[in-house]
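Enquirer: here you go, sequence then predicted model.
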Amino acid sequence: MDGGMWPKGKPPCPLYGDTLEAIGRSLNLTGRELQIIQGLFDGKREDTIAGELGISRWTVHAHLGRVYRKLEVDCCTGLLLRVFREYVALEPRTPQSPIPAASDPAPSLRLGGTF
């Protein structure tokens with residue numbers, strides 16, 4: 001599986017090209033920090049990312065620490081959620097965009113099944 005957790009190396013939300021560059025510019029991230037974020041989105045572990053980039057696992061960890069500070073998060077999950085929410089999944093809300101009522105289930109909870 002290439003050290004990743006997604007079948008055939010295809011993550012559910014790849015960050016490539018223009019999206020990755022836009023993230024880097026807006027958050028003032030280095031090229032290496034972007035490579036590491038991309039690896040995380042690809043479902044790779046720190047040691048796998050390190051091997052592919054030819055750096056130590058500790059260097060990957062140090063880069064992640066700087067990214068956490070820049071994004072004001074404290075863990076990998078927070079990093080991935082922030083990037084996904086702000087740059088991948090959601091369109092910017094305009095003042096005219098309706099805000100869902102509190103009684104409406106969140107879109108992610110509308111699965112159509114019963115629990």
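Expert: Received it, and whenever you're ready, just let me know what you need.
Enquirer: so where is this protein shaky, pLDDT-wise?
Expert: Counting by pLDDT under 70, the ranges of the chain that qualify are 1-17, 88-115.
Enquirer: where along it do the helices fall?
Expert: 17-27, 31-41, 46-53, 57-71, 76-83 (DSSP state H).
Enquirer: among those, which is the most enclosed?
Expert: Ranked by mean neighbour count, the helices of the chain are led by helix 31-41 with a mean of 19 (mean count of other C-beta atoms under 10 Å). C-beta: built from backbone N, CA, C; applies to glycine.
Enquirer: how about the CA coordinates for that helix, as PDB?
Expert: Extracted in PDB, the C-alpha atoms of helix 31-41 (Å, rounded to 0.1, in the frame of the first residue of the first chain):
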ATOM      1  CA  GLY A  31       7.800  24.100   0.400                       C
ATOM      2  CA  ARG A  32       9.000  21.300   2.800                       C
ATOM      3  CA  GLU A  33       6.100  22.000   5.100                       C
ATOM      4  CA  LEU A  34       3.700  21.700   2.200                       C
ATOM      5  CA  GLN A  35       5.300  18.400   1.200                       C
ATOM      6  CA  ILE A  36       4.700  17.000   4.700                       C
ATOM      7  CA  ILE A  37       1.100  18.200   4.800                       C
ATOM      8  CA  GLN A  38       0.600  16.600   1.400                       C
ATOM      9  CA  GLY A  39       2.000  13.300   2.700                       C
ATOM     10  CA  LEU A  40      -0.300  13.400   5.700                       C
ATOM     11  CA  PHE A  41      -3.300  13.900   3.400                       C
END
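Enquirer: who does it touch, helix- and strand-wise?
Expert: helix 17-27, helix 46-53, helix 57-71, helix 76-83 (3 or more C-beta pairs under 8 Å, 6 or more residues apart in numbering; DSSP states H and E).
Enquirer: now residue 24: how far from residue 45?
Expert: For residue 24, the distance to residue 45 equals 22 Å [C-beta to C-beta, to the nearest Å].
Enquirer: I meant to write residue 63 there.
Expert: The value you get for residue 63 to residue 45, if C-beta to C-beta is used, is 14 Å.
Enquirer: just residue 18 next, same as before
Expert: Residue 18 is 27 Å from residue 45, by C-beta to C-beta.
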